[in-house]
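Following is a predicted model, sequence given first.
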Amino acid sequence: MVNPHQDTVELHHSFEEAYVWLDRRGPSILTTGAGTRFEAFATKGQKGEHLDEPVIKFFQGGKEFGRSYACCWGHYYNCSCTRIGMYCKAVDKAILEGSTDSDQIKENFPIIESYRNAAGKTIEFSVNLEDLSAGWTATATETDKSKGKRIGYHFHVCSSTPNEALWKVRTKIRRSLATKYLDVTEGETTLTHDEIVGRITSSDNGETVLEVDGKEVDAEKFWKILSAYEGFEISIVIREQ
Ligand SMILES: [Zn+2]
């Protein structure tokens with residue numbers, strides 16, 4: 001049996017120092033003493049008894065693995081008996097060393113990450129980070145294995161830091177996969193909520209098509225979808241990725 005706040009870890013910095021450091025730096029990729037890569041960021045509690053309280057969250061592979069409120073800092077287990085000591089130690093050490101980890105990031109990419117879409121299907125991405133002279137770009141391309149015969153999802157973001165680029169592309173993946181735009185029933189494609197958001201790309205034979213929900217929507221299919229809306233108005237906005 002583990003109790004909340006069980007066991008202690010020796011840290012050089014207070015929770016407030018760590019929080020301010022992470023808040024300024026943005027989502028940060030760090031490595032535990034055992035060599036596990038994770039992401040730490042400062043945010044506020046979203047609900048429950050810790051609503052609006054400062055919290056440091058720890059993510060691995062895009063999933064939350066633990067969090068530390070001020071009360072948990074310095075303990076091996078947090079309020080909900082999750083192991084966080086190794087993460088807190090790594091944050092503490094990074095503050096001490098002022099590490100940036102950029103080179104390490106470059107060496108470690110691309111990486112494979114899995115997410116679930118709105119239909120409960122697992123979508124696997126190859127996530128890559130590239131150092132451009134003007135900043136960093138993160139791309140997430142659905143793997144061949146995951147997309148099968150579909151055209152596949154693809155996301156791309158730019159940022160001034162690698163950590164933020166990675167953070168943005170993961171947020172984009174989650175947000176996008178949480179919404180399902182197309183409903184395919186008995187070969188008929190319709191819209192789930194009168195909205196279509198996707199990416200303009202080309203098919204294998206060079207035809208301009210849309211990618212929506214990771215699926216290809218060609219010209220014929222697009223007009224077929226619209227035919228259900230005769231008499232309504234439409235607005236098309238082209239956005240940067
Ligand atoms: Zn606590």
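It's in.

the strands in the chain, which residues?
Assigned by DSSP state E, the chain shows strands spanning 28-31, 37-44, 54-60, 63-69, 111-116, 122-132, 135-142, 154-159, 182-185, 188-191, 199-202, 208-212, 215-217.

Grab the longest helix from this protein for me.
Across the chain, the helix with the greatest residue count (assigned by DSSP state H) is helix 162-177.

Buried ones in it, by neighbour count?
Using 16 or more other CB atoms under 10 Å as the test for burial, helix 162-177 gives 162-170, 172-173, 176-177. All C-beta atoms are positioned from the backbone trio N, CA, C, and that covers glycine.

re earlier: nearest to the ion, of the strands of the chain?
With CB to the ion as the criterion, the ion lies closest to strand 63-69 of those, at 4.7 Å.

Let me know the angle separating the longest helix of the chain from strand 54-60.
Using axes from the mean of the first three to the mean of the last three CA atoms, to 10 degrees, the inter-axis angle of helix 162-177 relative to strand 54-60 is 80 degrees.

tell me the mean pLDDT for helix 162-177?
Model confidence over helix 162-177, given as mean pLDDT, is 87.

now stretch 94-103
Mean predicted confidence for stretch 94-103 is 67.

Look up which residues are beta-bridged to T185.
E188 (DSSP bridges).

For it, report the pLDDT, please.
pLDDT at T185 comes out at 87.

Look up the closest residue to L129, ignoring the ones flanking it.
Counting by CB to CB, 6 or more residues apart in numbering, L129 lies nearest to F109, which is 4.8 Å off, once chain neighbours are set aside.

Pretty sure the one you found sits against S126.
No: with contact defined as CB atoms under 8 Å, F109 does not reach S126; the gap is 9.2 Å.

okay, now the domains of the protein?
15-99, 103-177, 182-227 (automatic domain parsing).

What residues does this protein have near the ion?
69, 71-72, 79 (CB under 5 Å from the ion).

Mind checking which of these are buried?
If you count burial by 16+ other CB under 10 Å, the buried members of the residues of the chain next to the ion come out as 69, 72, 79.

Please tell me how far the most centrally placed residue in the chain sits from V127.
By CA atoms, centre = their mean, the chain has its centre lying nearest to R170, at 1.9 Å. According to CB to CB, to the nearest Å, R170 stands 8 Å off from V127.

likewise F38?
Applying CB to CB, the value for F38 to V127 is 15 Å.

Would you mind confirming that L226 makes contact with E233?
No: taking CB under 8 Å as the definition, L226 is not a contact partner of E233, at 11.5 Å.

hang on, the earlier thing: could you say which one of the strands of the chain comes nearest to R239?
Evaluated over those, closeness to R239 peaks at strand 199-202, with 10.0 Å, by CB to CB.
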